[in-house]
Each structure stands twice: as structure tokens, then as C-alpha cells.
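Chemist: Make a model of this:
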Amino acid sequence: MFLPFALALAVEPRVVIRVNQVGYLPDAPKGAVACALDSALRGQSARFRVRDTNGRVVVPERLARPSSGFGPCRETWRFDFSMLRVPRCYVVVAGNAESPPIRIASNVYDGAANLTYLLSALASQSGRR
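Modeler: Numbering: from 1, shown residues only. So this is what the prediction gives:
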């Protein structure tokens, strides 16, 4: 009878890391936001690091102070990794949470205008016969 409650206590808080999934230009500002989906981490600091897709740490662990929550996030932490300028794919890590792979390159936005136009055209056609 008490087993489900005990298992619930053993589960780590749910945290997701939000990044620009299109990517970042090498000289542009770069940031990530960690979002705690429950209140277990409220008021605590978080430690971030960045590693390349081979697992090598390229930005050592840094402390981020909590900021206010928004939407489904009970607590958020902002992490600036603008010092990272080498074109490559990376992952932002905070605790056990990892961002989707992010790309830094001078061409990350190439073709984005075409996609915007396509999505706009599709949206304007919805509902018409």
C-alpha cells in the first residue's frame, strides 16, 4: 500500500532544457533555459555545462541562480554560453537533463525564410476549398 508513494519519492524532479533548435550563429548570443516541471527544485541553484556530441566537455560546469517560473515551469534557470563560437554540434547539460543537439554554424538560418514562407502559405490556405 505504501510502495507507490515510496517510488514517487525516489523519482528525480523533471527538468527540461530549452534551446534554439534551429541553431546559433557563431558570434551571436547563445542561451538555454532549464525548466523544472514540479516544485521540488524551487529556490535551488542549477549547474550547467556544455559538451560536444562526442561527450567532451567544452564549457565547464557553471552555477545558475533560479529565476521565476513561467507557463508549466515551476522554476527556471538561464544559462549563457555565448563564449562558445566554434562551429559544431553541442548538448547543454544540467543534472540529468540534456538539451536536444544544438548547432553553431554560420549557415544555421539558411533556408529558414523559405520554410517561413511555406508555413505561411499553408496557413493561409487552410479552410479554403
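Chemist: Going by residue numbers, what spans are strands in the chain?
Modeler: Assigned by DSSP state E, the chain shows strands spanning 15-18, 31-36, 46-52, 57-64, 66-67, 75-80, 88-94, 97-98, 102-104.
Chemist: lowest-confidence stretch among those?
Modeler: Mean pLDDT is lowest for strand 66-67 among those, at a mean of 86.
Chemist: Tell me which other helices or strands that strand touches.
Modeler: strand 75-80 (3 or more C-beta pairs under 8 Å, 6 or more residues apart in numbering; DSSP states H and E). All C-beta spots, glycine's among them, are computed from the backbone N, C-alpha and C.
Chemist: List the buried residues for the strand it packs on?
Modeler: Glu75, Thr76, Trp77, Phe79 (16 or more other C-beta atoms under 10 Å).
Chemist: Pull out the buried residues from stretch 62-72.
Modeler: Ala64, Pro66.
Chemist: what does stretch 45-56 give?
Modeler: Ala46, Phe48, Arg49, Val50, Asp52.
Chemist: which residue packs closest to the first one, ignoring adjacent ones?
Modeler: What that stands for is Ala46. Spatial nearest neighbour of Ala46, excluding adjacent residues (C-beta to C-beta, 6 or more residues apart in numbering): Trp77 at 4.2 Å.
Chemist: Would you confirm that the one you found contacts Ser67?
Modeler: Yes - Trp77 is in contact with Ser67 according to C-beta atoms under 8 Å; the separation is 6.6 Å.
Chemist: Could you dump the strands of the chain into TSV with distance to Leu119 added?
Modeler: Listed next are those as TSV, based on distance: least, C-beta to C-beta, whole Å:
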stretch	distance to Leu119
strand 15-18	21
strand 31-36	24
strand 46-52	30
strand 57-64	33
strand 66-67	31
strand 75-80	28
strand 88-94	25
strand 97-98	28
strand 102-104	21
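Chemist: between those, which gets nearest to Tyr24?
Modeler: Across those, Tyr24 has its closest neighbour in strand 102-104 (5.0 Å, C-beta to C-beta).
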